[in-house]
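Asks: Sequence first, predicted model second:
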Amino acid sequence: MSIFEILAENLRQGVVTLRYPQRFPPPPQYRGLVQIDHENCVGCASCAQVCVSAAIQLSEDGKTYRWSYEPAKCTFCGRCVDACPTFALQMQADRPPIYHRPGELAATYTMVYPRCEGCGKSFKVATDILRQRSYTEVSPQVESLLRLCPACRQKEAIKLMIEARRIKEAAR
Amino acid sequence: MSSWFALLIFPGFLYAVPMGWLMLWLERKILARLQSRIGPPFYQPFFDFVKLMSKEPIPRAKGEDVFYLLTPLLALGATLGSMTLLPILASSSSAVGDLVLFIALIEISPIGLVLLGFFSRSIFGQVGAIREATLTIATNLPFITALIALGYASGSLRLSEIALNAPSVVRAFALLALLFCLPIKLRLNPFSVANAEQEIYQGALTELDGWRLGLWELVHAVEWVALSGLIVTLALPWRSGVAFLDALIFALLSLALVVILTVVAGATARLKLLQASRLYWRWGFGLALLALVVSLFPFGG
């Protein structure tokens, strides 16, 4: 097939591209905007740690943490999604919308840390997924422990252990 | 017809610039259709120009900017000037030896590009400049030989007399040789060696941005009009005398030439520098030489 036949065939076939606002749908594995699932995020900052282009940034002041994402900086590499231990991050399977200046699509999410039921201090929350991973079986006792800050939890756990030993020895 | 009218209105600035943009568009559109793409709308080259001119350029030293401003303006002026020499209308003013002036003026832009490539201190610019210079020499051999053959056969160095009086055999060979030179002068495939974008970005233009690039795009557009115009005016052995009709025929034939060149460009791949030069030294020069030899014999003249 000579090149002229190919060109003629192309002419016969007609246009296969689309005029701009129309676009072909992206493939299923397309990596679009990063989205956060607030329910699962524990504020560990793994995503901000691995983000090569500093599109994801995390700041905290002891009582709240702020997760911010700037798509204009994002390279859509997907490392944040891989790094997230609680599967809180996902990428849209669609192209980002058209935007005209940086910052237009920026998303922030501010989470207020829960307060410890014991001492009233703010502490980082453990989400369901993290609980499943750490404790495999979440008993009501564990549940009540998780509502405490790490320091109080430690004290409470030691108390429980001493209590358990006492009961054991009394039984003997 | 005054030369100011020719320079500023027809076939100069007011005709050549929109026509150049139309040719650039036609080239892109045809290429797109040959590749089953939509291609740009007809005003795209104009928009490109406006966009480039309105962009904030990378700051450079004042002295450099003088060079970046003057070279394209000089090339633009010279190319527009060469347009005014084309005997498009029956009333076109023609001076003795305007063929020589035409060759001189049309060569300003390649020389500007070569200077620019070296001036930009970019490795790609320098490679582009070297290629441009090598090809300019290779292509000008058949180009000028063919024009000499035409001039000799018609016994004049006036473009208008060559256009009207050149004997048909010489004209045919010479025009073929001239046509053969166009892809290289317009940096089209398969001779787009000097601006080979996949290898050396934009050649001499690699380092340019904003208005510096915009001005050269404009020069390129006008080059299209001037070089296709030369072929068309030399190919037409008569003028109707009606200015509007002559201008229209000139414009339409120029556009037809764009179609031919684009289809060839779309069907071919880029040659190497050596292959391209060899083609011109051998076949281009051979063709031009044939025209020259024919013009020496009475049956050609």
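Replies: Sure, I can see it.
Asks: which parts of chain A sit against chain B?
Replies: A:3, A:4, A:7, A:10, A:11, A:13, A:14, A:15, A:16, A:17, A:18, A:19 (Cβ under 8 Å from any Cβ of the partner chain). To be clear about C-beta, it is placed using only N, CA and C from the backbone, and glycine gets the same treatment.
Asks: Run through the neighbouring helices and strands of the worst-scoring helix or strand of chain A on mean pLDDT.
Replies: Scoring the helices and strands of chain A by mean pLDDT, DSSP states H and E places helix A:128-135 at the bottom, with a mean of 78. Helix A:128-135 sits against helix A:140-146, with contacts defined as 3 or more Cβ pairs under 8 Å, 6 or more residues apart in numbering or on different chains; DSSP states H and E.
Asks: May I see the buried residues of the helix it packs on?
Replies: A:145, A:146 (16 or more other Cβ atoms under 10 Å in any protein chain shown).
Asks: Give me the contacts around that helix.
Replies: Contact with helix A:140-146 is made by A:126, A:131, A:135, A:153, A:156, A:157, A:160, as judged by Cβ atoms under 8 Å, 6 or more residues apart in numbering or on different chains.
Asks: before we move on, the earlier item: among the residues of chain A next to chain B, which are in strands?
Replies: When DSSP state E is applied, the residues of chain A next to chain B are split such that none fall in strands.
Asks: on that earlier part again, from the middle of its chain, how far away would the least confident helix or strand of chain A be?
Replies: Mean C-alpha position of helix A:128-135 versus that of the full chain (Cα atoms, centre = their mean, to the nearest Å) differs by 15 Å.
Asks: Report the contact partners of residue A:71.
Replies: Residue A:71 makes contact with A:33, A:34, A:55, A:96, A:99, A:105, A:106, A:107, according to Cβ under 8 Å, 6+ apart.
Asks: With secondary structure, pLDDT and neighbour count added, can I get those in a markdown table?
Replies: Conversion of the contacts of residue A:71 to a markdown table gives the following (DSSP: H, G, I helix; E, B strand; the rest coil; pLDDT from 0 to 100; neighbours: other Cβ atoms under 10 Å in any protein chain shown):
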| residue | secondary structure | pLDDT | neighbour count |
| --- | --- | --- | --- |
| A:33 | coil | 93 | 17 |
| A:34 | strand | 93 | 22 |
| A:55 | coil | 93 | 21 |
| A:96 | coil | 87 | 13 |
| A:99 | coil | 87 | 12 |
| A:105 | coil | 89 | 16 |
| A:106 | coil | 90 | 14 |
| A:107 | strand | 89 | 13 |
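Asks: per-domain residue ranges of chain A.
Replies: In the domain annotation for chain A, the residue ranges read A:25-112, A:114-172 (automatic domain parsing).
Asks: looking at these, which is buried most?
Replies: domain A:25-112 (a mean of 15; mean count of other Cβ atoms under 10 Å in any protein chain shown).
Asks: Could you check how far residue B:86 is from chain A?
Replies: 32 Å (Cβ to the nearest Cβ, to the nearest Å).
Asks: quick one on the thing from earlier: worst average pLDDT in the domains of chain A?
Replies: Mean pLDDT is lowest for domain A:114-172 among the domains of chain A, at a mean of 84.
Asks: Just the endpoints, please. Distance across that domain?
Replies: Taking Cα to Cα, to the nearest Å, domain A:114-172 runs 41 Å from one end to the other.
Asks: centre of the chain versus it, how much separation?
Replies: That offset, for domain A:114-172, works out to 25 Å (Cα atoms, centre = their mean).
Asks: wait, which of the contacts of residue A:71 is closest to chain B?
Replies: Nearest to chain B out of these is residue A:99 (Cβ to the nearest Cβ; 18.9 Å).
Asks: the helices in chain B, which residues?
Replies: For chain B, applying DSSP state H gives helices covering B:3-8, B:13-34, B:44-54, B:62-85, B:98-106, B:108-119, B:123-154, B:159-165, B:168-185, B:197-200, B:210-235, B:243-267, B:273-279, B:285-296.
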